[in-house]
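**Student:** generate a structure from the sequence data that follows.
(chains A and B)
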There are 2 protein chains.
Amino acid sequence: MKEGNIDKIGIIGAGGWGTAMSLVLAENGHNIRLWSYVPEITEEINTKRTNSIFLSGAQIPKNITATSDSSEFGECDLLVMATPTQFIRGVLENFETDLSGKYIVNLAKGIERKTLLRVSELMKEAAGVDTDHYCVLSGPSHAEEVAKQMPTTVVTASDNIEFARTVQKIVSTNYFRIYTSSDVTGCEIGGSLKNVIALAAGVIDGLGLGDNTKAALITRGLVEMTRLGTALGAKARTFSGLSGLGDLFVTANSRHSRNRYVGEQIGRGKTLEAVARVMQMVAEGVHTTESVYHLGQKAGVELPITEQTYAILFGNIDPIDAVQQLMNREHKKEWW
Amino acid sequence: MKEGNIDKIGIIGAGGWGTAMSLVLAENGHNIRLWSYVPEITEEINTKRTNSIFLSGAQIPKNITATSDSSEFGECDLLVMATPTQFIRGVLENFETDLSGKYIVNLAKGIERKTLLRVSELMKEAAGVDTDHYCVLSGPSHAEEVAKQMPTTVVTASDNIEFARTVQKIVSTNYFRIYTSSDVTGCEIGGSLKNVIALAAGVIDGLGLGDNTKAALITRGLVEMTRLGTALGAKARTFSGLSGLGDLFVTANSRHSRNRYVGEQIGRGKTLEAVARVMQMVAEGVHTTESVYHLGQKAGVELPITEQTYAILFGNIDPIDAVQQLMNREHKKEWW
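**Tutor:** Below is the predicted model:
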């Protein structure tokens, strides 16, 4: 795909990140069609030029048109997937534009619960998107900060490196810097596991433990992420990049992260049910912990932090005991 | 060196980290001799069992004896080096116990300014410590948190892996977990560069930029650290471990880090002179920025973040311009 072929760009999902991405693309002069399931949201975007529920404070320019009609995307060469991972299959099954043959940039992070599929695999299975037409964009990018044009860096990975380079060219601005990579698996695994480790980091916060402990968790979490990823075919160094460490850093530190928040509440002694009741939904990291736990078992890879997080969430073990278990494992080399 | 050979352990330097390490070793039943240049500090430790200047709140047990007499370390088989890097040569030149033939665990981080030597090289040159007798202990370990027995993890690296394993055994406690490594160069370079990147992270804070920007800096800082380190013979993965990323995470986030603080003040518009005047000393990261800048030039390795940090500190360029320069470099692959 060449830069010149991009006439119109579609974005599937008008949540915070989908909307922020529409602003970046609009800034570069592209005409954007932004899809949301919810007519009230498209109405607000088209008339008031705001998305007060998902990206309050942002002013949405006129080259962005919102719609709830999924048949209107036929003329788009490039589509950005911006719905939560667990909803992707449902959205695709009902989407009235055929996505096979379209170029797709995926923003969603996570692993489908029942199938344990990564998003690239899911898109292929559910919508016939082949790997040559698929690219994942990932990295430390709070939507609110992107909307405020704070300097942000991400990585785009594709089996089709020419496509990744085209995305780099058409999306980059002077506040949104993009690096390219050929490691789709690594970017997808990193973007998923970081939510598990961020949830565990929240537990450390909730227990009132220190910076040393949190740094230990982040670092050993990265080692664990790398171990699973390389077993699944990813490159180790991808996890030390923006889609691994970078995104982990931002999620594990952020007061706004739902995943870290769930962990913090559990560290303070609440049950998962009680936290989910208050949040009115389950954070993605809870699903991902379950998926990654099963993925590790299936691949025969030892994932001590994921296993303890799973036990805290679903096995009712005491978080303090989980920390002690991690600290008192047999002596090891740093990389094994 | 076998575990059974450790009769008495000496610690050279009763700052926060040397004192905290003496607590960890004392907890494991070792007898410790703790050296400080300052008689008032040794006096306070021996009589009041506190070190109020460097580690307030800690209770120092009786198997720790402080002294200012550097001739009293002849019977120690193992010595822990815990003085700031820029003071090591001066301390060693005046130390009245011969350190050649002794086993050394080094806690100091940094690069000697004029010589550009790492601590292992400096110890060899200044005190005849050979690589078989040298080990570096590094990682995310605020002394105050270690003294409070918060769960902490570090790595010990030595060319003599048996020695690293011995240190792992004699120092580990249920709150202080040690991993081993054979990559001395990687641990030393990581422990040094993290102060440069932490200082730059402070600049980001001072400028009021967001989490995305800070995560970008940390991640690209790690890439840069890895690039220099591997050019000097280190293993890439060491930088993604406790002595690289782990320590960087803790330093770049901490409100207590002097290096991050210097950067923050400069980001707010103060000059280096003004900040140094208030702090009554120059933070290690300022020296290290200078050393690493020259090390990069000498090795012919491109270090964009170090170069911009050096320019901010010593060349009076505006921090905002430095950020823009970093954001608008030519498009790249993530790893090059």
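
**Student:** for the closest residue to chain B within the stretch 51-200 of chain A, give me its contacts.
**Tutor:** Going by C-beta to the nearest C-beta, chain B is nearest to A:Pro140 of the stretch 51-200 of chain A, at 3.3 Å. Where you see a C-beta, it was placed from the backbone N, CA and C, and this is true even at glycine. A:Pro140 sits next to A:152-154, A:242, A:246-247, A:249-251, B:211-212, B:215-216, B:219 when contact means C-beta atoms under 8 Å, 6 or more residues apart in numbering or on different chains.

**Student:** give me the pLDDT for it.
**Tutor:** A:Pro140 is assigned 96 on the pLDDT scale.

**Student:** can you give me phi and psi for it?
**Tutor:** Backbone geometry at A:Pro140, expressed as degrees, to the nearest 10, gives phi -70, psi 100.

**Student:** A:Asp130 is in contact with A:Asn160, correct?
**Tutor:** No. Using C-beta atoms under 8 Å, A:Asn160 is not in contact with A:Asp130; the gap is 9.3 Å.

**Student:** which residues are common contacts for those two?
**Tutor:** Counting by C-beta under 8 Å, 6+ apart, A:Asn160 and A:Asp130 have no common neighbour.

**Student:** just to revisit the earlier point, now the residue of the stretch 51-200 of chain A closest to chain B: how far from A:Arg49?
**Tutor:** Distance check for A:Pro140 against A:Arg49: by C-beta to C-beta, to the nearest Å, it reads 28 Å.

**Student:** quick check: what element follows the longest helix along chain A along the chain?
**Tutor:** In chain A, taking DSSP state H as the definition, the longest helix is helix A:184-207. On the C-terminal side of helix A:184-207, the closest following helix or strand by DSSP states H and E is helix A:211-231.

**Student:** that next one and chain B, any residue contact?
**Tutor:** Yes. Counting by C-beta under 8 Å from any C-beta of the partner chain, contacts between helix A:211-231 and chain B involve A:Asp211, A:Asn212, A:Thr213, A:Lys214, A:Ala215, A:Ala216, A:Ile218, A:Thr219, A:Arg220, A:Leu222, A:Val223, A:Thr226.

**Student:** pLDDT added to the residues you listed, as TSV?
**Tutor:** Converted to TSV, the residues of helix A:211-231 next to chain B look like this (pLDDT from 0 to 100):
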residue	pLDDT
A:Asp211	92
A:Asn212	94
A:Thr213	94
A:Lys214	94
A:Ala215	94
A:Ala216	94
A:Ile218	94
A:Thr219	94
A:Arg220	93
A:Leu222	94
A:Val223	92
A:Thr226	95
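
**Student:** now the two most distant members of these.
**Tutor:** Across those, the longest distance by C-beta to C-beta is 22.4 Å; it joins A:Asp211 and A:Thr226.

**Student:** give me the more crowded residue out of the two.
**Tutor:** A:Thr226 (26 against 23; other C-beta atoms under 10 Å in any protein chain shown).

**Student:** all strands of the stretch 201-336 of chain A, in order?
**Tutor:** Using DSSP state E, counting those that start in this stretch, the strands of the stretch 201-336 of chain A run over residues A:332-333.

**Student:** and it, which of its residues are near chain B?
**Tutor:** Residues of the stretch 201-336 of chain A lying close to chain B by C-beta under 8 Å from any C-beta are A:209-216, A:218-220, A:222-223, A:226, A:236-242, A:245-247, A:249-250, A:253-254, A:323-324, A:327-328, A:331-335.

**Student:** try 6 Å
**Tutor:** Residues of the stretch 201-336 of chain A lying close to chain B (C-beta under 6 Å from any C-beta of the partner chain) are A:209-213, A:215-216, A:218-219, A:222, A:237, A:240-242, A:245-246, A:249-250, A:254, A:323, A:327-328, A:331-335.

**Student:** only the buried subset of the residues you listed, as a ChimeraX command please.
**Tutor:** Provided next is the ChimeraX selection string for whichever of those are buried by 16 or more other C-beta atoms under 10 Å in any protein chain shown:
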select /A:209,210,211,212,213,215,216,218,219,222,237,240,241,242,245,246,249,250,254,323,327,334,335
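
**Student:** next, name the residue at the spatial heart of chain A.
**Tutor:** The structure's chain A has its C-alpha centroid closest to A:Lys109; by C-alpha atoms, centre = their mean the separation is 2.8 Å.
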